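Novice: sequence and predicted structure are below.
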Amino acid sequence: MKVASEVEVIELKIEALGKQIVLNPTLVWDNKMSILIDTGVPGQLNKIKESMSKIGVPFETLKAIILTHQDIDHIGSAPQLLNELNNQITVYAHENDKPYIEGALPLIKTDTSRMSKEELASLPKEVKHLYDNSPKVKVDGLLENKQELPYCGGIEVIYTPGHSPGHISLYLKQSKTLVAGDAMVKINNQLHGPVKQTTLDIKTATESLKKFLDYDIDTVICYHGGVFRGDPSPHILKILNE
């Protein structure tokens, strides 16, 4: 789905708990390279390649992956992408999520050693296998708040902890697009705060949204919910006042 010039959302569909869910990684590019922000779940390499081909961006131009945080549906296909391109991809993430992404520590929300017997028993066999064999990749570049990556018209990092310790969002300066990650979700064309059930620190995550008010935003991409057009400020202020 086209968002702006040289910005597209790659819609990745998965089946989870009997429902179809759409994940929304973002592809940005220029005449030198392309960058993928988040990578879906494991096993979606071919879908990503097909989508890039349809958009008209050669797969070989992919030079960087930015992971907004450590969750399994964001790290997902990163190992396959790196393998397909002979590890010639730079992986970026925030320092606070680095050990989880690299596998030095188990992913916080899918760590089966911290689950009760009842929780473990309720997991489908394939889900437990995935949790016990979570994807991991080496993080090459550490990102921090207000840092600007000099690619594709400028990508500014916004540190938005709460959903995870190292959650980041990204501001694409050229198109005035906010890639929110899981800091916000879109439901029925309305922006909502982070999902409480999957957010480690809901108070901190909600407070993080204040940072978005400092930016001139025309479009928001939510990993869950997709593209929101227009000024998000009224929605953010409503969330903060709830």
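Specialist: It's in. Please read all numbers here as calculations on a predicted model, not as lab measurements.
Novice: for the residue of the chain most remote from its centre, give me phi and psi.
Specialist: Most distant residue from the mean C-alpha position of the chain: residue 117, 30.1 Å away (Cα atoms, centre = their mean). Taking degrees, to the nearest 10, you get phi -60, psi -40 for the backbone angles of residue 117.
Novice: over to the one 5 residues further on?
Specialist: Backbone torsions of residue 122, given as degrees, to the nearest 10, read phi -80, psi -10.
Novice: how far does stretch 127-135 sit from the chain's center?
Specialist: 19 Å (Cα atoms, centre = their mean, to the nearest Å).
Novice: in that stretch, which of the residues would be classed as buried?
Specialist: For stretch 127-135, burial by neighbour count (16 or more other Cβ atoms under 10 Å) applies to 128, 130, 131, 134, 135. Backbone N, C-alpha and C define where each C-beta goes, glycine included.
Novice: closest to residue 103 among those?
Specialist: residue 134 (7.3 Å; Cβ to Cβ).
Novice: need the contact list for the closest one.
Specialist: Residue 134 sits next to 72, 75, 103, 106, 107, 110 when contact means Cβ atoms under 8 Å, 6 or more residues apart in numbering.
Novice: if we can go back for a sec, in CSV: the buried residues of stretch 127-135, plus secondary structure and pLDDT.
Specialist: Converted to CSV, the buried residues of stretch 127-135 look like this (DSSP: H, G, I helix; E, B strand; the rest coil; pLDDT from 0 to 100):
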residue, secondary structure, pLDDT
128, helix, 80
130, helix, 81
131, helix, 82
134, coil, 90
135, coil, 93
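Novice: from those residues, pick the one nearest residue 33.
Specialist: The closest of the buried residues of stretch 127-135, once distances to residue 33 are taken by Cβ to Cβ, is residue 135, at 23.1 Å.
Novice: give the contact list for the closest one.
Specialist: Residue 135 sits next to 42, 72, 75, 76, 77, 78, 79 when contact means Cβ under 8 Å, 6+ apart.
Novice: please apply the same query to residue 101.
Specialist: Applying Cβ under 8 Å, 6+ apart, we find residue 101 in contact with 67, 70, 75, 91, 93, 136, 137, 139.
Novice: now, those that are in helices?
Specialist: Using DSSP state H, the members of the contacts of residue 101 that fall within helices are residue 75.
Novice: any of the contacts of residue 134 buried? List them.
Specialist: Buried by 16+ other Cβ under 10 Å: 72, 75, 106, 107, 110, out of those.
Novice: the last one reaches residue 70, doesn't it?
Specialist: No - no contact is recorded between residue 110 and residue 70 when judged using Cβ atoms under 8 Å, the distance being 9.6 Å.
Novice: need the single longest helix in this structure, by residues.
Specialist: Longest helix in the chain, counting residues (DSSP H): helix 45-55.
Novice: give the buried residues for that helix.
Specialist: In terms of neighbour count (16+ other Cβ under 10 Å), helix 45-55 has its buried residues at 45, 47, 48, 51, 52, 55.
Novice: mind putting those residues in a markdown table, pLDDT and distance to residue 200 included?
Specialist: Formatted as a markdown table, the buried residues of helix 45-55 follow (pLDDT from 0 to 100; distance: Cβ to Cβ, whole Å):
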| residue | pLDDT | distance to residue 200 |
| --- | --- | --- |
| 45 | 97 | 29 |
| 47 | 97 | 29 |
| 48 | 98 | 28 |
| 51 | 97 | 30 |
| 52 | 98 | 32 |
| 55 | 96 | 34 |
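Novice: tell me the least confident of the contacts of residue 134?
Specialist: Confidence by pLDDT is poorest for residue 110 among the contacts of residue 134, given 85.
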